[in-house]
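Q: how does the following fold in three dimensions:
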Amino acid sequence: MAPNAKLVGFNHVALEVGDIEEALEFYGRLFEVKLRGRTPRMAFIDAGDQFIALSEGRGQSPDEHRHIGMVVDDVKAVRRALGKMGVEILPGRGLDFLDPWGNHWQVVEYSEIQFTKAPEILHGMGLEGLGKSEKALEELRRKGLTSE
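A: Residues are numbered from 1 along each chain as shown. Take a look at the predicted model:
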């Protein structure tokens, strides 16, 4: 019997929103938005070697436990932007919020988690100086994923 495939990572996350233009404006106030592609009812936002696919036409109720875990270089900047926009931060230990269409976002800082981008990807994104906290490095060491 052949071994199971190994999960390597995620190419993209697809989200439904009410209106593409409104979504691009909303997310553009939170994150640096660079479009990878666009159609009348879809937009594709680059995240280095990954992307977010936005599709117009959300019809389901707001997310509760299902969420998108986003990694950023500066969580405080996202928190400030959410405050300026009047977006409610959900209770909990992190930075969780619902976008206008009910998509539940959980925002974490790159330095604090095991998620790692290759140095050449960070360089291409203009993020060469991003490092990892000792806690994140220890987590990676325990899994045999870094020698740092």
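Q: shaky segments in the protein?
A: The chain contains no residues with pLDDT under 70.
Q: hmm, try it at 80
A: 147-148 (pLDDT under 80).
Q: and the strands in it, which stretches?
A: Secondary structure of the chain (DSSP state E): strands located at 12-17, 35-39, 42-47, 50-56, 68-72, 89-90, 95-98, 104-109.
Q: tell me the strands beside the last one, with direction?
A: Partners of strand 104-109 in the sheet, by DSSP bridges, are strand 68-72 (parallel), strand 95-98 (antiparallel).
Q: how about the ones you listed in a markdown table, adding mean neighbour count and distance to Gly144?
A: For the C-beta atoms, the positions are set from N, CA and C on the backbone; glycine is no exception. Below are those laid out as a markdown table (neighbours: other C-beta atoms under 10 Å; distance: least, C-beta to C-beta, whole Å):
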| stretch | mean neighbour count | distance to Gly144 |
| --- | --- | --- |
| strand 68-72 | 16 | 21 |
| strand 95-98 | 18 | 30 |
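Q: run a quick neighbour tally on the nearest residue to Glu109 once chain neighbours are set aside.
A: Distances taken as C-beta to C-beta, 6 or more residues apart in numbering place Val75 nearest to Glu109, at 4.4 Å, with adjacent residues excluded. The number of residues packed near Val75 is 18, by other C-beta atoms under 10 Å.
Q: wait, which of the strands paired with strand 104-109 is closest to Leu15?
A: Among the strands paired with strand 104-109, strand 68-72 comes nearest to Leu15, with 7.0 Å by C-beta to C-beta.
Q: can you report how many residues lie near Ala81?
A: 13.
Q: same thing with Glu109?
A: Glu109, neighbours per other C-beta under 10 Å, totals 18.
Q: before I go, just wanted to say thanks for your time.
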